[in-house]
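>>> When you get a sec, could you give me coordinates for this:
(chains A, B, C and D)
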Number of protein chains: 2
Amino acid sequence: MTPDASAPAGARPRARRGEGDRLRDEIIAAAEALLLETGSEDAVSIRAVADRVGVTAPSIYRHFTDKQHLLFEVCAIHFARFDAVMAAAVADVDADPVAALRALGQAYVRFAVEDPEHYRIMFMGRSELTPEQYADEVFAAGGAFPTLVATLQAGIDAGRFRDDLPPAHDIAVVVWALVHGVASLAVTKPAFPAAPVADRAALACEVFLRGLLRRDDAADSSA
Amino acid sequence: MTPDASAPAGARPRARRGEGDRLRDEIIAAAEALLLETGSEDAVSIRAVADRVGVTAPSIYRHFTDKQHLLFEVCAIHFARFDAVMAAAVADVDADPVAALRALGQAYVRFAVEDPEHYRIMFMGRSELTPEQYADEVFAAGGAFPTLVATLQAGIDAGRFRDDLPPAHDIAVVVWALVHGVASLAVTKPAFPAAPVADRAALACEVFLRGLLRRDDAADSSA
DNA sequence: TGTACATCAGTGAACGCGCGTTCACTGATGTAC
DNA sequence: TGTACATCAGTGAACGCGCGTTCACTGATGTAC
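Residues are numbered from 1 along each chain as shown, chains lettered A, B, ... in the order given. Sure, this is the predicted structure:
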C-alpha cells in the first residue's frame, strides 16, 4: 500500500554463519504481519513474505521446506498462545467450575475476535490443510480442549450439574460448538445486526450454563 | 476423475436463437456439480466449468458478467432452499414454539452436513465476497432468520421462557450461533472424536432450551 | 418457394498475472595453516 | 599476521502452471422480401 515500501528500510545485512535462524524468525514475523494487515490467507504468498523481509523468494526455501510448513509454523505460535490463554482463564477462578466455564467461554470468544485471521486459519480452515500436529485427534487430546473437559468434569463431580447429562467429553464438544459459533459468526458476519460480541458470548454462556445446572443451583445470581 | 469424461458425451448442439438460457442453466448445474464433487470452491474455475459443460471458457461470459456472479447464482438456489427447509421445519410443528425451535435446530444442522460445500460458501465465507443480495443486513431481514425470531417470540408470548431474557432478536442471534457452531465444526473438523452430529445437535438444543425455559416448564419430558 | 441478410451463440487465440518451486551461482564469513 | 580454502546464506533467472478475462471471428439460425 505505501508506495515506497517495496523493500524495507536499508539493505538487509546478510546473516552470519550460525545465524540462519535469524532470517527464519524474520520470515515468520513477516508472514504473521502480512496475515494481520491484509486479513487474508491468500495474501501470504512466498513472494510477498520474501519481499516483506527484503530477501528473494528462493531463500525462504532454505528455512522452510514449502509454503505449508511456513504457514503452520506461524500457526504453531498461536496454538500455543491459545492454549495458554485458556489455561489462564481457568487458573484465575478454578475454585468454582461454573465460574471457570464462564471465563473459558469469554476468553475463547475474545481470542477469536481479537485476531480473526488466525482464528480463521486455526479453527475455520479446511481440515485437509491442517498439519498432522494440529489434526483433530491431537487437538482433542492436548491443550485447551482437555482443560474444558476437566472443568466440566469438576462441575459434575461437585454435583452442580443435572443428573441426566451425557459424559463430560460430549458436553465439551457442544460447549466448544457454542463458543465457536459465537466466535465464527462474529468473524464472518461482522455486519450482522446484533448486540456487541461480548454480550452475545455472555448470553450464550449464561443460557447454556443454566441448561446444565441443577434446578436448585444458585449460580445464576451472578448473571 | 473419470479418464474419458474430459468432454460430455456427444457434441453439444448449439442453442437456438431464444434459448440462450439453456446454456446458462447448464453452466450453473456444472458449477454446482463441480462444487459438490471436488468439495472445494477453488476447483470451480471458469475454465473447469466450461470444460464440464463442453463449451469454451469465453462463452461463460455471454451469460455471467464475471466469475463472482456465477458463484452467487449457484448460491442463490441454495439460499432459497435453505429458507424453504427452515420454513418447512417450523410449519410441521408450529403449534408448539419449543418443539418448533428443536425442529429448526435439527433441520439447520442437517442442512449443513448434507451439503458441506454449499454451507461453507453460504455461511463460512469471507463476507467481502458475499454479493449485496446476501449481505448480512439482508439476511437478517428476510427468510430463515426472521422465522427463528418469530418462533422465539411466540415462545415468549406463550409465557414459556424465563422473564429475564433479552429481546427475541438477541436470543435468535445466539441460537443461530449455537447451531452454526455445531454445523460448522462438523464441517471443518469431521474427524474430531465426538458423538454423531445429530446427537450433538440434539444435545446442544436440549441444553440451550432448558436454559431458556421457565423452571416449571414441563417441556423437558420430550428430551 | 428461394435468396439475401441480420442476428447472435459460441470459438480460438491470446493477454498479463501471480503463483510455488528449481537450479546453478556468487560472494561474504569464518577457519586452518 | 597473512593467505588459501571451505562453508553456506542469499541471489537471479527461469520453469511451468492455471487463472480471469478480452477480442475479433465464425457460422448456424431465423427472418424479410
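>>> A:Gly125 and B:Thr188 touch, don't they?
Yes: using C-beta atoms under 8 Å as the test, A:Gly125 is close enough to B:Thr188 to be in contact (6.9 Å). C-beta: built from backbone N, CA, C; applies to glycine.
>>> Looking at those two, which is more packed in?
Between A:Gly125 and B:Thr188, B:Thr188 has the larger neighbour count (other C-beta atoms under 10 Å in any protein chain shown), namely 20 against 15.
>>> Any idea how many residues pack against A:Met61?
Met isn't right for residue A:61; it's Tyr. Neighbour count for A:Tyr61, taken as other C-beta under 10 Å: 13.
>>> State the distance from it to A:Ile27.
Distance from A:Tyr61 to A:Ile27, counting by C-beta to C-beta, to the nearest Å: 11 Å.
>>> Equivalent analysis for A:His118, please.
Applying C-beta to C-beta, the value for A:His118 to A:Ile27 is 17 Å.
>>> same deal with A:Leu35?
Taking C-beta to C-beta as the measure, A:Leu35 and A:Ile27 are separated by 13 Å.
>>> What segments of chain A are helices?
Taking DSSP state H, the helices of chain A run over residues A:20-38, A:46-53, A:67-93, A:97-114, A:116-123, A:136-141, A:144-157, A:168-188, A:197-212.
>>> among those, where is the model least confident on average?
Mean pLDDT is lowest for helix A:136-141 out of the helices of chain A, coming in at a mean of 75.
>>> Counting neighbours, which bits of that helix end up buried?
Residues A:136, A:139-140 are the ones in helix A:136-141 that count as buried (16 or more other C-beta atoms under 10 Å in any protein chain shown).
>>> ok, is it in contact with chain B or not?
Yes: judged by C-beta under 8 Å from any C-beta of the partner chain, helix A:136-141 and chain B are in contact via A:136-137, A:139-140.
>>> cool, and stretch A:89-104?
No: Stretch A:89-104 stays clear of chain B (C-beta under 8 Å from any C-beta), getting no nearer than 12.4 Å.
>>> Show residues contacting that stretch.
Here stretch A:89-104 makes contact (C-beta atoms under 8 Å, 6 or more residues apart in numbering or on different chains) with A:86, A:106-107, A:147-148, A:151-152, A:154-155, A:158, A:160, A:175, A:179, A:202, A:205-206, A:209, A:213, A:217, A:219, A:222.
>>> residues of that stretch that come out buried?
A:89-90, A:93-94, A:96-104.
>>> I figured A:Gly159 was touching A:Arg214, is that so?
Yes: judged on C-beta under 8 Å, A:Gly159 makes contact with A:Arg214 at a distance of 7.5 Å.
>>> Which parts of chain A belong to which domain?
A:20-74, A:76-222 (automatic domain parsing).
>>> if we can go back for a sec, now tabulate the buried residues of helix A:136-141 in CSV and tack on distance to A:Phe72.
Listed next are the buried residues of helix A:136-141 as CSV, based on distance: C-beta to C-beta, whole Å:
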residue, distance to A:Phe72
A:Asp136, 15
A:Phe139, 14
A:Ala140, 18
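>>> Serialize these to TSV and add fields for distance to DNA strand C.
Shown next, in TSV, are those (distance: C-beta to the nearest atom of the strand, whole Å):
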residue	distance to DNA strand C
A:Asp136	24
A:Phe139	24
A:Ala140	29
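>>> Nearest to B:Arg22 among these?
A:Asp136 (44.0 Å; C-beta to C-beta).
>>> show me what contacts the closest residue to chain B within chain A?
Of all residues in chain A, A:Gly181 sits closest to chain B, at 2.5 Å by C-beta to the nearest C-beta. When contacts are counted by C-beta under 8 Å, 6+ apart, A:Gly181 touches A:204, B:176-182, B:184.
>>> Please report how far it lies from DNA strand C.
Using C-beta to the nearest atom of the strand, to the nearest Å, we find A:Gly181 at a distance of 31 Å from DNA strand C.
>>> Can you tell me which of the contacts of stretch A:89-104 are buried?
When the contacts of stretch A:89-104 are checked for burial by 16+ other C-beta under 10 Å, the buried set is A:86, A:106-107, A:147-148, A:151-152, A:154-155, A:160, A:175, A:179, A:202, A:205-206, A:209, A:213, A:217, A:219.
>>> Of the residues you listed, which ones also sit close to chain B?
A:179, A:206, A:209.
>>> can you put those in JSON lines and add distance to DNA strand C?
Shown next, in JSON lines, are those (distance: C-beta to the nearest atom of the strand, whole Å):
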{"residue": "A:Val179", "distance to DNA strand C": "32"}
{"residue": "A:Glu206", "distance to DNA strand C": "43"}
{"residue": "A:Leu209", "distance to DNA strand C": "44"}
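>>> Can you give me the neighbour number for A:Phe79?
Residues near A:Phe79, counting by other C-beta under 10 Å: 17.
>>> Ok, A:Ile28 next?
Using other C-beta under 10 Å, A:Ile28 has 20 other residues around it.
>>> Could you do A:Arg215 as well?
Neighbours of A:Arg215 using other C-beta under 10 Å come to 9.
>>> follow-up on the earlier one: any idea which of the helices of chain A is most buried?
helix A:168-188 (a mean of 24; mean count of other C-beta atoms under 10 Å in any protein chain shown).
>>> Keeping just the C-alphas, turn that one into PDB.
Output in PDB follows, covering the C-alpha atoms of helix A:168-188 (Å, rounded to 0.1, in the frame of the first residue of the first chain):
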ATOM      1  CA  ALA A 168     -18.200 -34.500  30.200                       C
ATOM      2  CA  HIS A 169     -16.400 -35.100  26.800                       C
ATOM      3  CA  ASP A 170     -19.700 -35.000  24.900                       C
ATOM      4  CA  ILE A 171     -20.800 -31.800  26.700                       C
ATOM      5  CA  ALA A 172     -17.400 -30.300  26.000                       C
ATOM      6  CA  VAL A 173     -17.900 -30.800  22.300                       C
ATOM      7  CA  VAL A 174     -21.200 -28.900  22.400                       C
ATOM      8  CA  VAL A 175     -19.800 -26.200  24.600                       C
ATOM      9  CA  TRP A 176     -17.000 -25.800  22.100                       C
ATOM     10  CA  ALA A 177     -19.500 -25.600  19.300                       C
ATOM     11  CA  LEU A 178     -21.400 -22.900  21.200                       C
ATOM     12  CA  VAL A 179     -18.400 -20.600  21.700                       C
ATOM     13  CA  HIS A 180     -17.100 -21.400  18.300                       C
ATOM     14  CA  GLY A 181     -20.400 -20.500  16.800                       C
ATOM     15  CA  VAL A 182     -20.400 -17.100  18.500                       C
ATOM     16  CA  ALA A 183     -16.800 -16.500  17.600                       C
ATOM     17  CA  SER A 184     -17.000 -17.600  14.000                       C
ATOM     18  CA  LEU A 185     -20.200 -15.700  13.200                       C
ATOM     19  CA  ALA A 186     -18.600 -12.600  14.700                       C
ATOM     20  CA  VAL A 187     -15.700 -13.200  12.400                       C
ATOM     21  CA  THR A 188     -17.500 -14.000   9.100                       C
END
